[in-house]
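>>> could you work out the structure for the sequence below:
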Amino acid sequence: MALDRQSIEKKDFPIGRRGYDPEAVDVHLAGLADDTYGKPTSLPWAIDFGDGIGRHPVQIYEIFFLLILAFILTRPAHLPEGARFRIFLGGYLAWRIVIDFLKPQPLVSGLNVIQWACIAGLAALAAACARDVRTARTEIHEPIAN
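Next comes the predicted model:
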């Protein structure tokens, strides 16, 4: 799906009217078969996927997070072009770093592969934002040619 100015203005972006992650419901229903379940917990809202162990419903946590992020991003605000997408991307990558601590996955230096990829994505996003800020400052301070 192309993310251009018109589609963002129509709020038809990843968490727009059609929703971002319908697969979050599917993976919740799939249970243990897809390896996206949460770690065991004794919290009252733990979900038993059929193995007798209550687990964090990380898929439901993700749905709630995305609903909150959608609410925030659809508020009226005067933002530069592409800012909503960058906020979405940064928020989602940060969310995945946090939520994946609740998933039993193999770790590499304390983080799983998805968390490392999210860190790389956040670094690239930060570099792009820093470049845009430098470019904007340069344009503001350039003398106007007569």
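>>> so for residue 53, what's the pLDDT?
Per-residue confidence (pLDDT) for residue 53: 89.
>>> correct me, but it touches residue 42?
No - applying C-beta atoms under 8 Å, one finds residue 53 not in contact with residue 42, separated by 10.2 Å. The C-beta positions use only the backbone N, C-alpha and C, and glycine is treated the same way.
>>> okay, the two: which has more neighbours?
residue 53 (14 against 6; other C-beta atoms under 10 Å).
>>> just the strands in the chain please.
Counting by DSSP state E, one finds strands in the chain at the ranges 47-48, 54-55.
>>> need the pLDDT of the residue nearest the centre of the chain.
The centroid of the chain falls nearest to residue 92 when counting by C-alpha atoms, centre = their mean (1.3 Å). Residue 92 carries a pLDDT value of 96.
>>> right, and it touches residue 69 too?
Yes - contact criterion C-beta under 8 Å: residue 92 and residue 69 qualify, at 7.2 Å.
>>> tell me which stretches of the chain form helices.
Counting by DSSP state H, the chain has these helices, from start to end: 5-9, 23-30, 58-73, 83-99, 113-141.
>>> lowest-confidence helix or strand of this structure?
For the chain, the helix or strand with the lowest mean confidence is helix 5-9, at a mean of 46 (criterion: mean pLDDT, DSSP states H and E).
>>> got the contact list for residue 92?
66, 69 (C-beta atoms under 8 Å, 6 or more residues apart in numbering).
>>> right, I mislabeled it, should have said residue 45
residue 57.
>>> distance check, it against residue 55.
Look at residue 45 and residue 55: by C-beta to C-beta, to the nearest Å, they are 10 Å apart.
>>> distance of residue 124 relative to residue 106?
24 Å.
>>> which of these two has more neighbours?
Remark: of residue 124 and residue 106, residue 124 carries more neighbours, 12 against 6, as counted by other C-beta under 10 Å.
>>> one step back: could I get the strands of the chain as TSV with distance to residue 110 and mean neighbour count?
As requested, the strands of the chain are exported to TSV (distance: least, C-beta to C-beta, whole Å; neighbours: other C-beta atoms under 10 Å):
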stretch	distance to residue 110	mean neighbour count
strand 47-48	26	14
strand 54-55	21	19
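>>> need those strands in JSON lines (columns: distance to residue 73).
Formatted as JSON lines, the strands of the chain follow (distance: least, C-beta to C-beta, whole Å):
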{"stretch": "strand 47-48", "distance to residue 73": "28"}
{"stretch": "strand 54-55", "distance to residue 73": "30"}
